[in-house]
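Engineer: Here's my sequence, what's the structure:
(one chain, ligands or ions: 4)
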Amino acid sequence: MSVEVYYDDDADLGLIQGKKVAVIGYGSQGHAHALSLRDSGVDVVIGLPTGSKSRVKAEEQGLRVVTPAEAAAEADVIMLLAPDTVQRTLYAESIAPHLAPGKALFFGHGFNIRYDLIKPPAEVDVAMVAPKGPGHLVRRQYVDGKGVPCLVAVEQDASGSAFALALSYAKGIGGTRAGAIRTTFTEETETDLFGEQAVLCGGAAALVQTGFEVLTEAGYAPEIAYFECLHELKLIVDLMYEGGIARMRYSVSDTAEYGDLSRGPRVVDARVKEEMRKILSEIQSGEFAREWIAEDDAGRPNFAKWRAEGAAHPIEETGRKLRGMMSWVDRPITETA
Ligand SMILES: NC(=O)C1=CN([C@@H]2O[C@H](COP(=O)(O)OP(=O)(O)OC[C@H]3O[C@@H](n4cnc5c(N)ncnc54)[C@H](OP(=O)(O)O)[C@@H]3O)[C@@H](O)[C@H]2O)C=CC1
Ligand SMILES: CC[C@](O)(C(C)=O)C(=O)O
Ligand SMILES: [Mg+2]
Ligand SMILES: [Mg+2]
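Structural biologist: Ligands and ions are numbered 1, 2, ... in the order given. So this is what the prediction gives:
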């Protein structure tokens with residue numbers, strides 16, 4: 001492998017067990033990190049604003065909750081798991097005043113460091129432990145004795161042991177059970193943004209919606225279109241997940257495979273690839289980050305409009321009805337733990 005991968009035997013859990021960890025934020029990632037660290041024998045405190053909706057949940061799950069400033073003041077390791085857009089203000093107001101030599105500032109995604117929105121002082125360690133999966137899966141895997149692979153990176157090594165500490169943290173959330181890959185803040189941030197925009201979230205959602213539109217506009221039943229363009233996608237992705245695209249092609253019929261090989265490249269053609277390159281260059285230049293921060297500062301007008309349009313797409317109503325027939329997949333959108 002061209003990357004360095006670290007497993008449980010390479011990580012010393014004792015390092016993070018010897019520190020007090022403040023997990024700032026208790027959402028998708030925050031709850032998974034905090035509960036798993038606690039179950040790994042780490043002293044954890046949660047930092048949330050007094051009015052935060054997440055406070056009750058963290059307290060119900062047996063964790064001590066204080067304000068972000070109080071948590072930062074008492075902790076040795078401060079893990080920022082508040083939304084990326086909130087982090088720069090949160091850092092300036094509540095974290096920076098409590099940083100001191102010997103402390104470490106950790107991130108679950110490199111956005112704020114990569115785009116210079118947070119500039120920590122030179123005497124603290126700055127590292128990242130970024131699970132490559134949603135927080136609820138991170139927690140579920142940990143509870144099952146497994147783990148989600150994660151990326152580990154060091155931006156600033158003031159102590160000389162920042163990487164070992166980050167690896168120890170990764171072990172505490174189950175990451176080294178599956179494997180922790182060493183990377184940089186730049187590589188993690190740029191590839192994460194590209195993946196979610198062009199392929200995983202943006203690309204996949206647009207592909208599914210467009211396929212559904214083509215079938216229903218041609219007069220086919222929305223229910224049938226839903227099965228063909230959304231429901232079965234999971235079955236196909238599961239096969240890719242288990243054994244790559246080759247495994248999926250082995251498992252589907254020859255008719256499907258011939259259609260895939262001959263038609264797929266017409267859907268995702270040279271123009272789409274060129275657009276993906278453009279998206280990557282907007283990420284690399286910082287154009288996307290500037291646009292997103294400005295959108296957030298302006299109260300997210302486009303975000304709200306596009307989110308509402310997506311929620312009103314006919315595929316959602318069809319899906320709600322059909323999932324009502326499938327007890328095993330009917331999960332509320334906002335399910336958290
Ligand atoms: N979602 C994921 O699975 C992944 C996320 N990441 C990264 O992890 C980080 C966290 O993302 P995610 O878990 O999705 O976030 P969520 O939106 O799920 O949760 C954010 C949490 O932060 C809290 N919060 C909001 N404002 C503040 C504040 N000012 N101070 C302290 N806490 C605050 C929220 O509380 P409230 O309830 O009050 O809103 C909530 O508990 C981001 O850097 C993200 O890029 C990385 C990999 C995957
Ligand atoms: C794919 C989306 C993600 O990057 C993730 C779960 O890894 C995110 O930012 O939520
Ligand atoms: Mg990601
Ligand atoms: Mg992401």
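Engineer: list the contacts for Ala32?
Structural biologist: Applying CB atoms under 8 Å, 6 or more residues apart in numbering, we find Ala32 in contact with 131, 135-136, 138-139, 142, 173. Where C-beta positions appear, they are placed from N, C-alpha and C, glycine not excepted.
Engineer: Distance of it relative to Val138?
Structural biologist: Going from Ala32 to Val138 by CB to CB, to the nearest Å gives 4 Å.
Engineer: Then Leu280?
Structural biologist: Distance from Leu280 to Val138, by CB to CB: 26 Å.
Engineer: who has more neighbours, these two?
Structural biologist: Shown here are Leu280 and Val138; by other CB atoms under 10 Å, Val138 has more neighbours (26 against 17).
Engineer: quick one, what contacts the more buried one?
Structural biologist: So Val138 contacts 29, 32-33, 36, 131, 147-148, 173-174 (CB under 8 Å, 6+ apart).
Engineer: Mind listing what's buried along whatever helix or strand it lives in?
Structural biologist: Assigning secondary structure by DSSP states H and E places Val138 in helix 135-143. Applying a neighbour-count criterion of 16 or more other CB atoms under 10 Å, the buried positions in helix 135-143 are 135, 138-142.
Engineer: swap in stretch 313-332?
Structural biologist: Neighbour-count burial for stretch 313-332 [16+ other CB under 10 Å]: 315, 318-319, 322.
Engineer: closest to Asp43 among those?
Structural biologist: Taking CB to CB as the measure, Asp43 lies nearest Gly319 of the buried residues of stretch 313-332, at 43.4 Å.
Engineer: Might one say that Met248 is in contact with Leu239?
Structural biologist: Yes: in this structure, Met248 is within contact of Leu239 by CB atoms under 8 Å, at 4.0 Å.
Engineer: Can you get me a residue count around the residue in the stretch 201-337 of the chain that ligand 2 sits nearest to?
Structural biologist: Residue of the stretch 201-337 of the chain nearest ligand 2, by CB to the nearest ligand atom: Cys201 (5.7 Å). By the measure other CB under 10 Å, the count of residues near Cys201 is 11.
Engineer: Can you tell me which of the buried residues of stretch 313-332 is closest to Thr67?
Structural biologist: Using CB to CB, those come closest to Thr67 at Gly319, 40.1 Å.
Engineer: Please identify which helix or strand holds that closest one.
Structural biologist: Applying DSSP H and E, one finds Gly319 within helix 314-323.
Engineer: what helices or strands is that helix leaning on?
Structural biologist: helix 202-217, helix 222-226 (3 or more CB pairs under 8 Å, 6 or more residues apart in numbering; DSSP states H and E).
Engineer: can you give me how far it is from the chain middle?
Structural biologist: 26 Å (CA atoms, centre = their mean, to the nearest Å).
Engineer: go on, stretch 87-103?
Structural biologist: 23 Å.
Engineer: What is the three-state secondary structure of the residue located most distally from the centre of the chain?
Structural biologist: Seen from the C-alpha centroid of the chain, the residue lying at the greatest distance (CA atoms, centre = their mean) is Gly219, 37.7 Å away. The three-state label given to Gly219 by DSSP: H, G, I helix; E, B strand; the rest coil is coil.
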